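Engineer: I need the structure of the sequence given here:
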Amino acid sequence: MRLVLSSCPPDAAERLAAALVEAHLAACVTVIPQAVSRYRWQGAVVCDAESLLLCKTAADRVQALCAELQRLHPYTVPEILVLSADSAVAAYARWALEQTRPPEG
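Structural biologist: Residues are numbered from 1 along each chain as shown. A predicted model of the protein is given here:
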């Protein structure tokens, strides 16, 4: 199991989360609103209000999830971090795996 983190503008968070779950790329996307990110961009230090997306997915769906997130994301260089969640509770990991399988038929 993997956890994919991405920050995004607050007005894009729900759209991105819905797209990833509806495409069976993420079992669940938790949107954490009201994050503040401070970073250097194009030579200036910037401080922006953002939302943080916590995307739970199966290891074999990470590449597709990241590609879709990059395609839909409004940033030129979106933050996309992939963390291993191999120590997840077995029942949750099974559920996440089931949810990231496209329906048959």
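
Engineer: hmm, who's touching the longest helix anywhere in the chain?
Structural biologist: Determined from DSSP state H, the single longest helix within the chain is helix 10-22. Outside helix 10-22, the residues that touch it by CB atoms under 8 Å, 6 or more residues apart in numbering are 6, 8, 26-29, 31, 33-34, 49-51, 53, 55, 65, 68-69, 72-74. For glycine as for every other residue, the C-beta is placed from the backbone atoms N, C-alpha and C.

Engineer: Over to stretch 79-90?
Structural biologist: 1-7, 56, 62, 66, 69-70, 93, 96.

Engineer: Out of those residues, which sit inside strands?
Structural biologist: The members of those that map onto strands under DSSP state E are 2, 3, 4, 5, 6, 7, 56.

Engineer: Select only the buried ones of those residues in PyMOL?
Structural biologist: Buried residues among the ones in strands among the contacts of stretch 79-90 (16 or more other CB atoms under 10 Å), as a PyMOL selection:
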select buried, resi 2+3+4+6+7+56
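
Engineer: picking up where we left off before, among the contacts of helix 10-22, which ones are in helices?
Structural biologist: Short answer: the contacts of helix 10-22 in helices (DSSP H) are 65, 68, 69, 72.

Engineer: Now tabulate these in TSV and tack on pLDDT.
Structural biologist: Compiled in TSV, the ones in helices among the contacts of helix 10-22 are given as follows (pLDDT from 0 to 100):
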residue	pLDDT
65	98
68	98
69	98
72	98
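
Engineer: Mark which of those are buried, thanks.
Structural biologist: Buried members of the ones in helices among the contacts of helix 10-22, scored by 16+ other CB under 10 Å, are 65, 68, 69.

Engineer: which one is the second one nearest to, not counting chain neighbours?
Structural biologist: Closest residue to residue 68 apart from its sequence neighbours, by CB to CB, 6 or more residues apart in numbering: residue 25 at 5.7 Å.

Engineer: For this protein, which residues score under the pLDDT cut-off?
Structural biologist: Within the chain, the segments meeting pLDDT under 70 span 105.

Engineer: Try it again at 50.
Structural biologist: Along the chain, no part satisfies pLDDT under 50.
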